[in-house]
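[1] I would like to see how this sequence folds:
(one chain, ligands or ions: 1)
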Amino acid sequence: MTFAANDISMRFGGFLALDHVSIEMGESDLVGLIGPNGAGKSTLFAVASGFETASGGRVVFKGQDVTALSPAARARLGLGRTFQVPREFTHLSVLDNLVVAAPGQLGERLVNVFLRPGDIARQRAEIVEKAEGIADFLNLARVIDQPSGKLSGGQKKLLELGRVLMLDPALILLDEPFAGVNPVLVGEISERIGELNGRGVGFLVVEHNLQALSDLVRRMYVMDRGRIIAEGTPDEVLARDAVREAYMGGVV
Ligand SMILES: Nc1ncnc2c1ncn2[C@@H]1O[C@H](COP(=O)(O)OP(=O)(O)OP(=O)(O)O)[C@@H](O)[C@H]1O
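    Residues are numbered from 1 along each chain as shown. Purely as a prediction, here's the structure:
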C-alpha cells in the first residue's frame with residue numbers, strides 16, 4: 001500500500017464536508033475519484049496533499065504518517081498534486097515554469113550564491129535538461145520559450161502535470177485534468193498519464209468527464225455528500241443505482 005486516507009473527517013463550522021472517508025491505493029495504482037459538485041472531492045485532495053488539516057483521521061504515504069506534514073514536505077517524499085485551475089506563472093516561459101518547480105535548488109540560499117557558484121551552474125544545467133526532457137515528453141517542446149499564459153487550456157494542463165513531474169513523484173493527485181480541454185488533447189493527456197503509470201507513477205484522478213476517466217482508470221471511488229458511496233471498476237460503479245441517483249437523479 002502506497003497511500004491511504006484513513007477515516008478522514010472535515011468539519012467546516014457545523015457542516016461535515018468529509019464524513020469518515022477512507023481510500024487506499026497500492027503502488028502504481030491508477031484510480032478515479034468521482035462525485036457530483038460539492039461531494040467533497042477537492043476537500044479530500046486538500047487534506048491528502050496537506051493544504052488543509054482534517055478534523056479527524058490520518059494520511060499515510062509510503063508507510064509513513066504524513067498527517068502533520070506540510071504540502072512541501074509531502075511533495076519531497078514524492079506526493080505531488082495538480083490544481084483544478086492551473087497555477088502556472090503566466091508571464092514565465094514554459095521552460096522557466098518547469099525549472100522553478102524543481103525542489104531544493106542551491107541558488108535559493110544566498111550563501112550558496114557566493115560560496116558555490118560552480119555547483120549552482122551545474123545544478124541549473126541539470127534542472128534545465130530535466131525540464132526539456134519533460135517538455136518533450138508532454139509535447140510542449142514547440143512552445144517551450146513561450147509565456148505560459150499563451151498556452152491553450154489543454155497545454156496548460158500538460159504544463160501543470162510537467163511541473164509535478166519535476167518532483168519525481170511516486171503518486172500524483174490530479175485535479176480535473178480534462179476540464180476545459182479539447183477532445184484531441186484529452187486523448188493526449190490520457191496517453192501521457194497511462195505511460196507514466198506504466199513507468200510506476202501512481203495517480204488518483206478527480207474528473208467530471210466520466211467517459212474519459214472510465215477509459216483511463218482501473219478502479220474508482222464515488223463520493224456523495226462527504227461519504228464514499230461506491231468503489232470498484234468503472235463499469236461496476238457506474239451501473240450502481242446509488243451512483244446514478246447521486247448524479248442528477250439517475251442520468252450518468
Ligand atoms: N473552506 C471551506 N469552508 C467552508 N465550506 C467548505 C470549504 N471548502 C469546501 N467547503 C464545502 O465542502 C463541500 C465539499 O466541497 P468540495 O469542493 O470538496 O466538493 P467537490 O466534490 O470537489 O465539488 P466540485 O466537483 O464542484 O469541485 C461543499 O459544500 C463546499 O461548499
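[2] Give me the spatial nearest neighbour of residue 50, chain neighbours excluded.
    Once flanking residues are discounted, residue 50 sits nearest to residue 71: 4.0 Å by CB to CB, 6 or more residues apart in numbering. Heads up, the C-betas are built off the backbone N, CA and C, glycines and all.
[3] Could you pull out the strands in the stretch 151-252 of the chain for me?
    All strands of the stretch 151-252 of the chain, identified by DSSP state E, counting those that start in this stretch, fall at 171-175, 202-206, 219-224, 227-232.
[4] Against which helices or strands is the third one packed?
    If I follow you right, that is strand 219-224. strand 30-34, strand 227-232, helix 234-239, helix 241-246 (3 or more CB pairs under 8 Å, 6 or more residues apart in numbering; DSSP states H and E).
[5] what's next to that strand, contact-wise?
    For strand 219-224, contacts defined as CB atoms under 8 Å, 6 or more residues apart in numbering pick out 21, 23, 29-36, 39-41, 44, 213-214, 228-234, 237, 240, 242-243, 246.
[6] got the residues of the stretch 151-252 of the chain near the ligand?
    By the rule CB under 6 Å from any ligand atom, no part of the stretch 151-252 of the chain lies against the ligand.
[7] So, low pLDDT: which residues of the chain?
    Applying pLDDT under 70 to the chain flags residues 85-86, 104-120, 248-252.
[8] where along it do the helices fall?
    Using DSSP state H, the helices of the chain run over residues 41-49, 71-77, 94-100, 110-115, 117-137, 153-165, 183-198, 210-216, 234-239, 241-246.
[9] Using JSON lines, please lay out the ones you listed together with mean neighbour count and distance to residue 9.
    Formatted as JSON lines, these follow (neighbours: other CB atoms under 10 Å; distance: least, CB to CB, whole Å):
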{"stretch": "helix 41-49", "mean neighbour count": "23", "distance to residue 9": "9"}
{"stretch": "helix 71-77", "mean neighbour count": "16", "distance to residue 9": "20"}
{"stretch": "helix 94-100", "mean neighbour count": "22", "distance to residue 9": "35"}
{"stretch": "helix 110-115", "mean neighbour count": "10", "distance to residue 9": "43"}
{"stretch": "helix 117-137", "mean neighbour count": "15", "distance to residue 9": "37"}
{"stretch": "helix 153-165", "mean neighbour count": "22", "distance to residue 9": "27"}
{"stretch": "helix 183-198", "mean neighbour count": "16", "distance to residue 9": "30"}
{"stretch": "helix 210-216", "mean neighbour count": "18", "distance to residue 9": "26"}
{"stretch": "helix 234-239", "mean neighbour count": "16", "distance to residue 9": "23"}
{"stretch": "helix 241-246", "mean neighbour count": "15", "distance to residue 9": "20"}
